[in-house]
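> When you get a sec, could you give me coordinates for this:
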Amino acid sequence: METSTSTLDEVKSLIGETLGIADRLDSMDPSTKLMGSLPELDSLAVAELLTAIEERFGFEVDSADITIDIFETVGTLAAYIELHRALMIL
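Next up, the predicted model:
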């Protein structure tokens, strides 16, 4: 599933705000690694990011969905969000 530019930009913005790395957003693209590559993204930051996702995008993240796979890259996180936003419409 290809992710829209607007979703990708929203996700990048959310990552920047939540992790305090807004100054690095210009260098991020869909292939930018998250888990294991951003020292700011520890377990507490993941919890904060999940809360921010729920608040901004209006859906509840199922605990069964919380895997390393969705936090692999900016693109995988954006794709997860876009998929769940689409499911809300159905």
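> From now on I want contacts and neighbour counts done on CA atoms only, so please keep to that.
OK.
> Who are the packing partners of the one helix or strand in the chain whose mean pLDDT sits lowest?
In the chain, no helix or strand scores lower on mean pLDDT, DSSP states H and E than helix 74-89, which sits at a mean of 92. In terms of contacts (3 or more C-alpha pairs under 8 Å, 6 or more residues apart in numbering; DSSP states H and E), helix 74-89 is packed against helix 5-19, helix 43-57.
> Pick the most deeply packed of the ones you listed.
Most buried of the helices and strands packed on helix 74-89, by mean neighbour count (mean count of other C-alpha atoms under 10 Å): helix 5-19, with a mean of 18.
> circling back to that earlier point, nearest to Gly75, of the helices and strands packed on helix 74-89?
helix 5-19 (7.0 Å; C-alpha to C-alpha).
> Report the angle between the least confident helix or strand of the chain and helix 5-19.
110 degrees (axes from the mean of the first three to the mean of the last three C-alpha atoms, to 10 degrees).
> and helix 74-89, which residues are buried?
Going by neighbour count (16 or more other C-alpha atoms under 10 Å), the buried part of helix 74-89 is Val74, Gly75, Thr76, Leu77, Ala78, Ala79, Tyr80, Ile81, Glu82, His84.
> contacting residues around the last one?
What that stands for is His84. Phe59 (C-alpha atoms under 8 Å, 6 or more residues apart in numbering).
> give me the low-pLDDT residue ranges for the chain?
Applying pLDDT under 70 to the chain flags residues 1-2, 90.
> Report the central residue of it.
Centroid-nearest residue in the chain, with C-alpha atoms, centre = their mean: Leu77, separated by 4.0 Å.
> I'd like the buried residues of helix 74-89 as a markdown table, with distance to Leu19 appended.
Listed next are the buried residues of helix 74-89 as a markdown table, based on distance: C-alpha to C-alpha, whole Å:
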| residue | distance to Leu19 |
| --- | --- |
| Val74 | 13 |
| Gly75 | 17 |
| Thr76 | 17 |
| Leu77 | 15 |
| Ala78 | 16 |
| Ala79 | 20 |
| Tyr80 | 19 |
| Ile81 | 18 |
| Glu82 | 21 |
| His84 | 22 |
